[in-house]
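Trainee: When you get a sec, could you give me coordinates for this:
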Amino acid sequence: MDWDELKDTIKKIDWKEFHFLRPQALYLFVPLAVIVLLLIIGNKERRRWKAMIAKPLRPFMFNRGSRWAILLPILFFIIGLSSMIIGLAGPTWKKKEIPGQKIQAAVLIALDLSRSMMTADIQPNRIERAKFKINDFLDANPRARAGLIAFAGTAHPVLPFTSDYKIIKFHAQSLSNRIMPVQGTNTTVLLQQIDTLMKHITAPSTVLLITDAIDNDEAAQLSTWVTNSIHHLEILLVSTPNGAPIPGYRKIISRQDPAVLQNLAQNNKIIITPLTLDNSDVKAIAERVSKKLYFESEKKKDAKEWDDMGFLMIYPALLITAFWFRRGWTIQWCLLLFSTLLLSSCGLKSKNPDWWYSKDYQGQLLQNAGKYADAAERFDDDKHKAVAYFKAGNYAAAADLFALDSSAAGNYNMGLALAKQGRYDAAEIAFNKAVLLDSTLKTVVKNSLAATKAIKKRTDSITQYAQKSIGKKTRDKDIATKKNHKDDPLKEHKPVSEDDQLSSDTRVKNLPKFGDRVSDEVATNIHRAKEAKTPGGAPPKDKSGELASNILLRKAEADPAEFLHKRFLLQEKLYYKKIERSKTLW
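Mentor: Have a look, this model is predicted:
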């Protein structure tokens, strides 16, 4: 801001609207008044002790200074601090307007897949030519996010809005009349589906309708929708003026009524583009979309805020501060008072230690005091934090933090932390990696590896001894159990020739009161055979661990058109049960 702008701003102050945004800051005038009072008292005290000197000696003891030499520093001190306080309070007297937010528009491509689009007046047919036009439109780069919708007797979203034009082209190639579950042309459900897809689009956007013919009813619906919507409509007609017979309905000629188009074109939010042999038609549409890509949202009535003019008080404060370096202008005791007030509670035990020390310095102080866990929580630096965790005995946290350091020292420290956790194999890997990164650590790593292997060997020996002890106790228990059940009548034994053969009709009078099995052999009226240990044939392969996604991928159709057809059928059953069917099937 130059001097002329500053003067103009000051002259245009509206004192009726003048107020402070942060009036609480004005309470700082209270301590300022106390300081000024102390300065005045201090000057009186200075004059009082001068009176104790004999009057004849005073001219030789003191230099007679100017009274302004005392008053000016105090006066400038008051003005400077007052300017800072007023600036901090935020004076304001005018509002500034907040511009509307810029939002990006989108384009929704609606492709007609009714039977009339199979007419061959345009080679190879209207649908195929329409898909070529979609490719040309996207190649022209409208720059907007694009979505794709297919419609006939029902309307179905093919792709949501995306900036990936390649995926739109891929899915557009699989569109055909045969994938539509309901034949005919239903403009009502098309407009409902368009509203559903574009309800979250707040910027005025474009609907590109690619169709072959529009009748009076459809034109009226389209015109009403556009009038009540923020979006506008681009219509690309994929048909010839003379038309051609519809496949399967040779007596019906599909052509466009020029009168309907003329009435529809009167709406300034609808642009009708005839088909051309080159890409000039869709290129013009893409240019119109690109020009209207960004829109500025409307400004809210209350979208204004007060303009903080406190920065103007910086200028007098800076000017006075520059004079403060003059000899004799420093008020040392005043600075000492401020230092006493501000620094009396500094330190780790204060309510706000971050005012005085950095996080790492606080952590170092705690670590020097032996409070390693608290130091680890206070450190910002990962290396210092890891060391503190290690000294505190939290080896898992230390290992995780050391792993972030890919240097030789980081790997060596991680090995020490892993060894402390008993993860000796992982520790050995970390030690070896440290040697590869820095060969000077070879001796240190060698000693650490030897200590780690010794601990691992000792631990393995203890583990093996414990397992042998447990195994011996288990075997002794099994022997005692077998001895106790030596006379068990249900104890299994191998059949001999003297054993009575049991059959399914054998009656047993005295059944034993304990046991699980009756015999090793069973007999039927056909043959007698031993019980099989496993069912016949190979056991079925366990597929419980297979991912459901793999199963779905294995069953998915290779043809995307078939996938879309099944999806459209499902949507038709779910959402279009009660819709009014189209009067025509084309």
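
Trainee: For the spatially most central residue of the chain, give me the pLDDT.
Mentor: The chain has T162 as the residue nearest its centroid, 18.0 Å off, counting by Cα atoms, centre = their mean. pLDDT, T162: 91.

Trainee: beta partners of it?
Mentor: A146 (DSSP bridges).

Trainee: Could you shift the numbering so residue one becomes 39, and keep it that way?
Mentor: Fine by me, first position is 39 from now on; the one you just mentioned is T200.

Trainee: Does it touch A182 like I think?
Mentor: No - contact between T200 and A182 fails when scored by Cβ atoms under 8 Å: they sit 10.7 Å apart. Every residue, glycine included, has its C-beta placed from N, CA and C.

Trainee: give me every residue that touches the nearest residue to Q405 once chain neighbours are set aside.
Mentor: Spatially, and ignoring its direct neighbours in sequence, Q405 is nearest to A413 (4.0 Å; Cβ to Cβ, 6 or more residues apart in numbering). Residues near A413 by Cβ atoms under 8 Å, 6 or more residues apart in numbering: 401-402, 404-405, 426, 430.

Trainee: can you pick the most crowded of these?
Mentor: For these, the largest number of neighbours (other Cβ atoms under 10 Å) sits with A426, at 27 neighbours.

Trainee: Quick one: mean pLDDT over the host helix or strand of it.
Mentor: Using DSSP states H and E, A426 sits within helix 420-430. Helix 420-430 comes out with an average pLDDT of 91.

Trainee: Buried residues of the helix or strand that that helix is followed by, list them for me.
Mentor: As assigned by DSSP H and E, the chain's next helix or strand after helix 420-430 is helix 433-440. For helix 433-440, burial by neighbour count (16 or more other Cβ atoms under 10 Å) applies to 433, 435-437, 439-440.

Trainee: Residues touching helix 433-440, excluding its own?
Mentor: Here helix 433-440 makes contact (Cβ under 8 Å, 6+ apart) with 414, 420-421, 423-425, 427-428, 448-449, 451-452, 455-456, 458-459.

Trainee: Out of those, which is nearest to E610?
Mentor: For the contacts of helix 433-440, the residue nearest E610 by Cβ to Cβ is D420; the value is 57.6 Å.

Trainee: What distance do you get for that closest one to L66?
Mentor: 41 Å (Cβ to Cβ, to the nearest Å).

Trainee: Need the contacts of A413 in JSON lines (columns: distance to T157).
Mentor: Output for those, formatted as JSON lines (distance: Cβ to Cβ, whole Å):
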{"residue": "G401", "distance to T157": "79"}
{"residue": "Q402", "distance to T157": "83"}
{"residue": "L404", "distance to T157": "83"}
{"residue": "Q405", "distance to T157": "84"}
{"residue": "A426", "distance to T157": "79"}
{"residue": "A430", "distance to T157": "81"}
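
Trainee: Just flag the most distant two among those.
Mentor: Across those, the longest distance by Cβ to Cβ is 14.5 Å; it joins Q402 and A430.

Trainee: Give me the below-cutoff pLDDT ranges for the stretch 339-488 of the chain.
Mentor: For the stretch 339-488 of the chain, the stretches with pLDDT under 70 are 339-342, 362-390, 393-394.

Trainee: Now do the strands in it.
Mentor: Applying DSSP state E, counting those that start in this stretch to the stretch 339-488 of the chain gives strands spanning 342-344.

Trainee: now the helices: where do they sit in it?
Mentor: Here the stretch 339-488 of the chain has its helices, by DSSP state H, counting those that start in this stretch, at 352-361, 370-381, 397-406, 410-416, 420-430, 433-440, 446-459, 462-475, 480-522.

Trainee: Now do the residue lying closest to L439 once chain neighbours are set aside against G453, distance only.
Mentor: Once flanking residues are discounted, L439 sits nearest to A424: 3.6 Å by Cβ to Cβ, 6+ apart. According to Cβ to Cβ, A424 and G453 sit 13 Å apart.
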